[in-house]
Structures are given as structure tokens and as C-alpha cells.
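# Return a 3D structure for these sequence lines:
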Amino acid sequence: MFIFKRNGIYYLEYLDEVENRTRRISTKARHKPEALKFLTKFNKQLSNKPKQQYISLTDFEAEYLRYLEQAHTSSYLADVKTSFKVLIRNVGNISLAKLNNRTLEKMLLELFSKSKYGAAHHYKNLRASFNKAIDWNYITDNPMKSVKLPKIPKSLPAFINNVELNAIVQNTKSRDLQDIFLTGFHSGMRLSEIINLKWSAVNLKERTIIVQNNETFTTKSKKERLIPINDTLYRVFNNRIPKVLSIKRDDYVFFKYPGVPYLKDYVSKNFKRVVRKLGMNERLHMHSLRHSAASVMVQNNVSLFIVKEILGHQDISTTAQYSHLQKENLANAVKVLDQAVL
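Model prediction:
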């Protein structure tokens, strides 16, 4: 940091650590003592500012993704990558510290006009990343903090009952797909967990499934959980167990070819095809079986905490959304008022 004179005015030159470049500003002084006084004051202001390290958006993205690898799945990482791609496409590969709420709000509102849920998703991903940037001393405040998006009306997840599930199974030709659909409903497992399930994780004697990480698959939370096997699921697995298992019991429970599991897209499309054939709710999809498992358990007074453990939710609030899904339950709730004695 130093001062120099040009055209009768003293200027200050210093290194902007946030921008990682040399900057010059006018002291507006024509005499050196005044310029030195400006220098002293400026230096004091600079030293009082919280220290920030310079980092570009692409470099921060790379560091943040390396951090996420420790506790998140590849699909979540890909999702975050998409959010950064959208951000950098709109603002350029600028310094992280140059981001401001006005720029981000403008970008997100434009995205919101095209895709409400997409904009909300990018908002959530980027806000979380900027919170981590504060921890790492790249910024002192989250530029997303004051960004406001219009509220998105919440729609309750679509779900089915046992009768509808049986209709779907009966109208599905493939035995494998029938069993996958039944497993989805009777275990509450995610589709990725079902198609990657191996016999080593199934214990028919103790009637348990361990949803676990292995060399080829990582759970969404990277945590293992235990799911009890009910009678329906027991029959499904008992009828599928091969006469000869590999020594390591490394065979898939459901597979297209030995050692080759079904693709998520194949299973999902076939489920949707049957739903449409039967004229059921268009919002139903393969993940609805998981919603349905949660809903049925909660509606039958199973503790939210137990349902949370079975489904592997990180937060109890996610499980709580299934508390009041069925219209009949809401109707029964208000009927209590008829019987009230005032």
C-alpha cells in the first residue's frame, strides 16, 4: 500500500484481497500530509474489516463439492453442480464476495417465471453453499439472506391404498416388477434402494432388511437403517430366494440379468404406464409407493419417530407431512365437534 501523485492529486494504491487485484483510489488531496492522513484512516478501516479470502465461483464450487462428497450421494452432488452452472451462466465466474442479494434475486425471479420449483431448488442449494462459505471466511454474510421468492403452493403427495396397489400388481405382466412394486409399498424403501438391494442385506430368519452402503451403491443419507419384513414382504422374498447363492451373497434380489440390476427409469416408466392404463391419479409415480407406506403407517397410529426411522428421513418434519393426508381423517376430525357438549 502506497500513495503517489498524478496531475496534482495524490492516489492510494493497495491490494484488494477479496478481488485479488491491485486497486487505486483518489485521496482527493493535493498535499502530502493530507494524503498521509487519508492513508492512515483508510488503513484503519481496512484492518477493522473482517478478513476475507479471494475465491472465484468455479474454485469455490470445486471446494464445496469436495466437502459434500464426504456425506452426500452422487445424485445430490450433481444437483448442486446444476445450481452452480445456472449461477455462473447468469453472473459469470466472478469473485464469490462480489455476489449481492440484488443480483441473485433478479436471477432467481427470472428463473421463477419459467420454473417455480426449479428456482426454489437452486435457491436452497446456493443458500446452503454460501453458509459454508461464511464458515470458510470467503464471505462475511450470506447474499441469499434477504432474497425473497414468491411462495409456492404446497401440494400433498399422491398416495394409494392396498386395493389400488393390488390392481397395479395384477395389471403388471412382469413378475419382477410386481415384486418391486410390492416391496416399495411394504418397505417404504426408495427405488434406488430396492433395485440395489442384495441378498446379503436380507435376513429372512430374523425378518429384517438392512439398507446399507456397498461398493456400488450409497444411500441418500449415507447412513444404514433396518427395516422389518412384514408377511407380504416375507412371501415376496421367500419366493424369490435362489436355490444357490454366491458365497458372499452378493447377488441382487431384483435383476434384469445376473449381476445387472434394473434401471430406475425402466421401473418408473412401467409403473406409470399401468397407473395410466387403470385411469388412476396422474400424479402417481413410483415414489408414491414410499409416500403411501408412510401415510398408511401414520394413519394407523404408528409413531412418527418410528416411521422416520423406517423411511430414513433426516428430519421429523419430513415425516410429519403424512399426518393429515386422507380426507376421511380430516372429516372424522371435525365430526368430533358435532359431539362436543358446550
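# C-alpha only now, for contacts and for neighbours.
Will do.
# all helices for the stretch 151-300 of the chain, in order.
If DSSP state H, counting those that start in this stretch is used as the criterion, the helices of the stretch 151-300 of the chain fall at 162-170, 175-187, 191-195, 231-240, 264-277, 288-299.
# Adding mean neighbour count, write those helices out as JSON lines.
Written out in JSON lines, the entries for those read as follows (neighbours: other C-alpha atoms under 10 Å):
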{"stretch": "helix 162-170", "mean neighbour count": "15"}
{"stretch": "helix 175-187", "mean neighbour count": "21"}
{"stretch": "helix 191-195", "mean neighbour count": "20"}
{"stretch": "helix 231-240", "mean neighbour count": "14"}
{"stretch": "helix 264-277", "mean neighbour count": "15"}
{"stretch": "helix 288-299", "mean neighbour count": "22"}
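# Correct me if wrong: Leu65 contacts Leu77.
Yes. Under the contact definition of C-alpha atoms under 8 Å, Leu65 touches Leu77, with a separation of 6.6 Å.
# residues contacting the spatially closest residue to Phe271 that is not a sequence neighbour?
What sits nearest to Phe271 in space, not counting adjacent residues and going by C-alpha to C-alpha, 6 or more residues apart in numbering, is Met286, at 6.1 Å. Under the criterion of C-alpha atoms under 8 Å, 6 or more residues apart in numbering, the contact partners of Met286 comprise Phe181, Leu191, Val267, Ser268, Phe271, Lys272.
# Surely Glu13 is in a strand?
Yes. Counting by DSSP: H, G, I helix; E, B strand; the rest coil, one finds Glu13 located in a strand.
# State the distance from it to Met1.
With the distance defined as C-alpha to C-alpha, to the nearest Å, Glu13 ends up 6 Å from Met1.
# count of neighbours near the residue nearest to Ser292 when sequence neighbours are not counted?
What sits nearest to Ser292 in space, not counting adjacent residues and going by C-alpha to C-alpha, 6+ apart, is Phe159, at 4.7 Å. The burial count assigned to Phe159 is 23, neighbours taken as other C-alpha atoms under 10 Å.
# From Lys264, how far off is Phe159?
Shown here: Phe159 relative to Lys264, a distance of 19 Å by C-alpha to C-alpha.
# rewinding a little: phi and psi next, for the residue nearest to Phe271.
Listed backbone geometry of Met286 is phi -60, psi -40, with angles given as degrees, to the nearest 10.
# starting at the chain centroid, how far to the helix ranked longest in the chain?
The helix spanning the most residues in the chain, taking DSSP state H as the definition, is helix 116-135. With C-alpha atoms, centre = their mean, to the nearest Å as the basis, helix 116-135 stands 11 Å off its chain's centre.
# In that helix, which residues are buried?
Residues 116, 119-120, 122-123, 125-127, 129-133 are the ones in helix 116-135 that count as buried (16 or more other C-alpha atoms under 10 Å).
# okay, now the domains of the chain?
With automatic domain parsing serving as the domain definition, the record reports that the chain contains domains spanning 2-48, 57-135, 162-328.
# Could you export stretch 134-146 as CSV, CA atoms only?
C-alpha atoms of stretch 134-146 as CSV (Å, rounded to 0.1, in the frame of the first residue of the first chain):
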residue,chain,number,x,y,z
ILE,A,134,-19.1,-17.9,5.7
ASP,A,135,-17.6,-20.7,7.8
TRP,A,136,-14.6,-20.8,5.5
ASN,A,137,-14.1,-16.9,5.7
TYR,A,138,-14.7,-16.3,2.0
ILE,A,139,-17.7,-14.0,2.8
THR,A,140,-19.0,-12.4,6.0
ASP,A,141,-22.7,-12.5,5.2
ASN,A,142,-25.0,-14.8,3.1
PRO,A,143,-26.1,-12.8,0.0
MET,A,144,-29.2,-15.0,-0.1
LYS,A,145,-30.3,-13.9,3.3
SER,A,146,-32.6,-11.1,2.1
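# now that stretch, how far from the centre of its chain.
21 Å.
# Who has more neighbours out of Glu13 and Met1?
For Glu13 versus Met1, the count of surrounding residues by other C-alpha under 10 Å is larger for Glu13: 15 against 11.
# contacting residues around the more buried one?
Taking C-alpha under 8 Å, 6+ apart as the criterion, Glu13 is in contact with Met1, Phe2, Ile3, Phe4, Thr22, Arg23, Arg24, Ile25.
# Mind doing that once more with 6 Å?
Contact analysis of Glu13 by C-alpha atoms under 6 Å, 6 or more residues apart in numbering lists Met1, Phe2, Arg23, Arg24.
# Neighbour-wise, give me the winner out of those residues.
With neighbours set by other C-alpha under 10 Å, the maximum within the contacts of Glu13 is found at Arg24, which has 15 neighbours.
# Kindly indicate which of the contacts of Met286 lies nearest Ser292.
If you rank these by distance to Ser292 using C-alpha to C-alpha, Phe181 comes first, at 11.7 Å.
# how about low-confidence regions in the stretch 151-300 of the chain?
215-216, 221, 244, 247-248 (pLDDT under 70).
# From Ser187, how far off is Pro258?
Going from Pro258 to Ser187 by C-alpha to C-alpha gives 24 Å.
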